[in-house]
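Peer 1: Next input, structure requested:
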Amino acid sequence: MTKLPEWARRGRMGWAHTGAQRPAFAVTPGPGQESVWDYPRPPRLEADTREIVVRFDGVEIARTSAALRMLETSHPPTFYLPPADVDTSCLVASGTSASRCEWKGTAAYSDVVGPERRASRAAWTYPEPFDYREIAGYFAFYPTLVECFVDGARVRPQPGGFYGGWITPELVGPFKGE
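Peer 2: Numbering: from 1, shown residues only. Modelled structure (predicted):
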């Protein structure tokens, strides 16, 4: 790993909740459920073999059973899809400013283009992540802008508009952004 920039070091130190102890305000998960407050900080990356489908403007953009799921305290997971399972002909570099994550580095955004519509900055990737090299070049999608499904269930977007977490039926919160 390369030397971390100062902004990333500061960001890593600024969290009170790290998944070590669920706060009193968090919903207690029932059988088969997960609390986002039990997810660790730093985040954990895990393979997810459920079928992931992403659609936009009537076109299937991605389909995979080889996603990586990023689990981070207070956030619904972000799903990263392998580039081989994404129709990259539907993605166009957005040319807008990137965002930064203290764990993953600087994200590059793409617009998703369908036959009749365009979703600005609907997908992103980390070309050179700091710690999570496995997601380099993988794509994530905002479920507020495209249709995302996990094993046939439509994903609800993480509240707040900035974050790209996918709320699936087994998750309990509250979620960052609410």
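Peer 1: going forward, measure contacts and count neighbours with C-alpha atoms only.
Peer 2: Noted.
Peer 1: Need the residue closest to the centroid of the protein.
Peer 2: The centroid of the chain falls nearest to Thr78 when counting by C-alpha atoms, centre = their mean (2.2 Å).
Peer 1: Grab the nearest non-local neighbour of it.
Peer 2: Gly165 (4.6 Å; C-alpha to C-alpha, 6 or more residues apart in numbering).
Peer 1: thought the one you found was touching Thr73?
Peer 2: No. Using C-alpha atoms under 8 Å, Gly165 is not in contact with Thr73, being 11.6 Å away.
Peer 1: more crowded one of those two?
Peer 2: Higher neighbour count among Gly165 and Thr73: Gly165, with 28 against 24, using other C-alpha atoms under 10 Å.
Peer 1: For that one, give me its contacts.
Peer 2: With contact set as C-alpha atoms under 8 Å, 6 or more residues apart in numbering, Gly165 has these partners: 75-79, 142-143, 157-158.
Peer 1: Strands - which of these land there?
Peer 2: Of the contacts of Gly165, the ones assigned to strands by DSSP state E are 78-79, 157.
Peer 1: any chance of the residues you listed in CSV, plus pLDDT and distance to Gly177?
Peer 2: Shown next, in CSV, are these (pLDDT from 0 to 100; distance: C-alpha to C-alpha, whole Å):
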residue, pLDDT, distance to Gly177
Thr78, 97, 14
Phe79, 98, 18
Pro157, 97, 10
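Peer 1: Can you tell me which of the residues you listed is closest to Lys3?
Peer 2: Of all these, Lys3 sits closest to Thr78, with 25.1 Å by C-alpha to C-alpha.
Peer 1: Read off the pLDDT value for Thr96.
Peer 2: For Thr96, the pLDDT comes out at 71.
Peer 1: what's the distance between it and Leu68?
Peer 2: Distance of Thr96 to Leu68, computed by C-alpha to C-alpha, to the nearest Å: 26 Å.
Peer 1: Let's see if you can find the most crowded of the contacts of Gly165.
Peer 2: Neighbour count (other C-alpha under 10 Å) singles out Pro76 as the most crowded of these, with 31 neighbours.
Peer 1: list the contacts for the closest residue to Asp151 other than its chain neighbours?
Peer 2: Nearest residue to Asp151 in three dimensions, chain neighbours excluded: Glu51, at 4.9 Å (C-alpha to C-alpha, 6+ apart). Counting by C-alpha under 8 Å, 6+ apart, Glu51 makes contact with 63-65, 149-152.
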